[in-house]
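A.B. asks: here are the coordinates; sequence isn't available:
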């Protein structure tokens, strides 16, 4: 879409009206159920948003009031969100994985008056959370079967709103007039950052912040009403939420996965052309492809290795200085490998994907190279909740692996003297709610301090090298940037997660989480318990070799002296991961305290053991 076509869209309150006339489709927003998708047409979606908005207004809410929204990603989430915006409410997403205490802290800080929840489990949790959030007056529940006399269902709220239209003239026009009164500088949402180190803060974003980001994203990532997207990341997170707004604006049909663990089935059902993800998802797909190939006959394994080699060589040439990206002519060997191997890989992803966007964390270059080589380009971008959220994205046709691309239109980047990335643009937040000191620390003259360290190449492509606050300082005073070392460790298919240690310690050590499926395949140990698996001498030797190989590229003071292979994956429920799959170092160090201390009991050996 052109800038002129997007001009009428100034707020999120405009969005339902914007799409109604421009993108009439029988399949606009839906959700997977088993092997089918339950779709809403554009008209049905708009009517649902309007009815819910008019129903929410019966709770006595006024423009500027906050409402909580606690649910997994589903069409109802989007309906409530946009309905609230059309009557000037500020939406406060609550991750459904939060505890009652955490949810209560978020809703109390925001001063939310009403909360819309997915099901009885979320309702019970937020009722408990109300002890910490006395501003909460009312609840609405999405699942009709879970409602009771005291808590109406979302269907009942929509029926209230529809009754206002049927019962008299003017309700629909009053709704449209209310949406027009919402201004670009009005607050749209508080998004509470999950916090990898400290307490969550409420990021205040205006309608202008988000809409500017939507328009800039559409300008650089080609999408149209012919596209179909599968959404499975949490809408509570700024990345997926803004992306879905962009989908709707461009007329893309959006289907939500039924659950995260149904993704493999749902991607085949929906057959999307566009999809977003986080690096861990792409790493798991990569691992499963290799795991499946490892179960084939020797001849088929040899064919797979040859094909992957062809894919890598073509990717290197296409993405190299003299290449032409996706337009680079494919040699005969690639076309043969495509017919025999790559087509099957793409079919497992629905068979129609033309682009996937990765955000939230660094995508290992080897993973990007693999997907690009087999005809499934993953475009890496970068941003933060505070920037609504996208700052950069790689070009669709010619990504530069190892970078997160150039700045979006309208966004400025600069590197401060200490290497910190700073950003300025219409997408930068108003500030942190109730936290003027923290706001002043990151905002100055319109520039936002990202807390990330990076560099810009001569063409403006940004590379992220570390988190400014994540630097480890050993007891000897040596400063070590953990992320580059962790990322190199995670390039090995046997390593799912790596957490470098060494703050105020004599030497660096590392916690390694295996990719258990790959480890079982490598060792031929299917059915072995994870405790037994990581303790096997051949498993220890495999990880020792990985650590030693990584150490060869490090300075002496950076070299890992000890490592431990953990028998469990990190989890959101235990607090080791944020809801967007980022590692919480403090939580990991607390959870695995005894394992860490055991590595530092004795002097480091010459080689890891």
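C.D. replies: Now that the structure is in, tell me what you want to look at. Note that this is a predicted model, so its numbers are computed, not measured.

A.B. asks: ok, now which ones touch the nearest residue to residue 105 once chain neighbours are set aside?
C.D. replies: Computed as CB to CB, 6 or more residues apart in numbering, the closest residue to residue 105 that is not its neighbour in sequence is residue 132, at 6.2 Å. All C-beta atoms are positioned from the backbone trio N, CA, C, and that covers glycine. Taking CB atoms under 8 Å, 6 or more residues apart in numbering, we find residue 132 in contact with 101, 104, 105, 107, 108.

A.B. asks: mind listing what the second one touches?
C.D. replies: Residue 104 makes contact with 126, 128, 129, 130, 131, 132, 133 under the criterion CB under 8 Å, 6+ apart.

A.B. asks: repeat for the last one
C.D. replies: Residue 108 sits next to 132, 133, 134, 135 when contact means CB under 8 Å, 6+ apart.

A.B. asks: So what does the first one look like in phi/psi?
C.D. replies: If I follow you right, that is residue 132. phi -100, psi -10 (degrees, to the nearest 10).

A.B. asks: Surely residue 316 and residue 369 touch.
C.D. replies: Yes: judged on CB atoms under 8 Å, residue 316 makes contact with residue 369 at a distance of 7.4 Å.

A.B. asks: okay, those two: which has more neighbours?
C.D. replies: Neighbour count, other CB atoms under 10 Å: between residue 316 and residue 369, residue 369 has more, with 19 against 14.

A.B. asks: thinking again about what came up before, mind giving me the PyMOL command for buried ones among the contacts of residue 108?
C.D. replies: A single PyMOL command selects the buried members of those (16 or more other CB atoms under 10 Å):
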select buried, resi 132+133
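
A.B. asks: related to what we said a few turns ago, out of the contacts of residue 132, who's nearest residue 600?
C.D. replies: Of all those, residue 600 sits closest to residue 101, with 32.2 Å by CB to CB.

A.B. asks: Would you mark the buried spots in stretch 182-197?
C.D. replies: 182, 184, 186, 187, 188, 189, 190, 191, 192, 193, 194, 196.

A.B. asks: nope, stretch 498-509 is what I was after
C.D. replies: Those would be 498, 499, 500, 501, 502, 503, 505, 507, 508, 509, for stretch 498-509 by 16+ other CB under 10 Å.

A.B. asks: Residue 433 and residue 100, how far apart?
C.D. replies: 21 Å (CB to CB, to the nearest Å).

A.B. asks: List the contacts of stretch 537-550.
C.D. replies: 485, 488-489, 492, 494-495, 510, 512, 514, 519, 522-523, 533-534, 560, 563, 565, 607-609.

A.B. asks: Narrow those residues to those in helices?
C.D. replies: 485, 488, 489, 519, 522, 523, 533, 534 (DSSP state H).

A.B. asks: residue contacts, the third one?
C.D. replies: Contacts of residue 489 were listed using CB under 8 Å, 6+ apart, and they are 495, 498, 510, 512, 546, 547, 550.

A.B. asks: Can you name the two of the residues you listed that sit furthest apart?
C.D. replies: Largest pairwise distance in the contacts of residue 489, by CB to CB, is 10.9 Å, between 512 and 550.

A.B. asks: follow-up on the earlier one: from the contacts of residue 104, which land in helices?
C.D. replies: Using DSSP H, these in helices are 126, 128, 129.

A.B. asks: which of those residues tops the neighbour count?
C.D. replies: residue 129 (26 neighbours).

A.B. asks: Just say helix, strand or coil for the residue nearest to it when sequence neighbours are not counted.
C.D. replies: The shortest distance from residue 129 to any non-neighbouring residue, by CB to CB, 6+ apart, is to residue 104 (3.4 Å). At residue 104 the chain is in helix, as set by DSSP: H, G, I helix; E, B strand; the rest coil.

A.B. asks: Could you give the number of residues near residue 564?
C.D. replies: Neighbour tally, residue 564, other CB under 10 Å: 18.

A.B. asks: now do residue 434
C.D. replies: Using other CB under 10 Å: residue 434 sits among 14 other residues.

A.B. asks: Which parts of the stretch 301-450 of the chain are helices?
C.D. replies: 332-337, 343-347, 365-373, 436-442 (DSSP state H, counting those that start in this stretch).

A.B. asks: Kindly report the same for the stretch 1-150 of the chain.
C.D. replies: 3-6, 15-22, 42-56, 75-86, 100-110, 120-129.

A.B. asks: and if you look at the stretch 451-600 of the chain?
C.D. replies: Along the stretch 451-600 of the chain, the stretches classed as helices by DSSP H, counting those that start in this stretch are 482-490, 516-523, 530-535, 537-551, 585-591, 593-599.

A.B. asks: do you know which of those lies nearest residue 163?
C.D. replies: helix 585-591 (48.0 Å).

A.B. asks: So what touches that closest one?
C.D. replies: 196, 197, 470, 499, 501, 511, 570, 574, 575, 576, 596.
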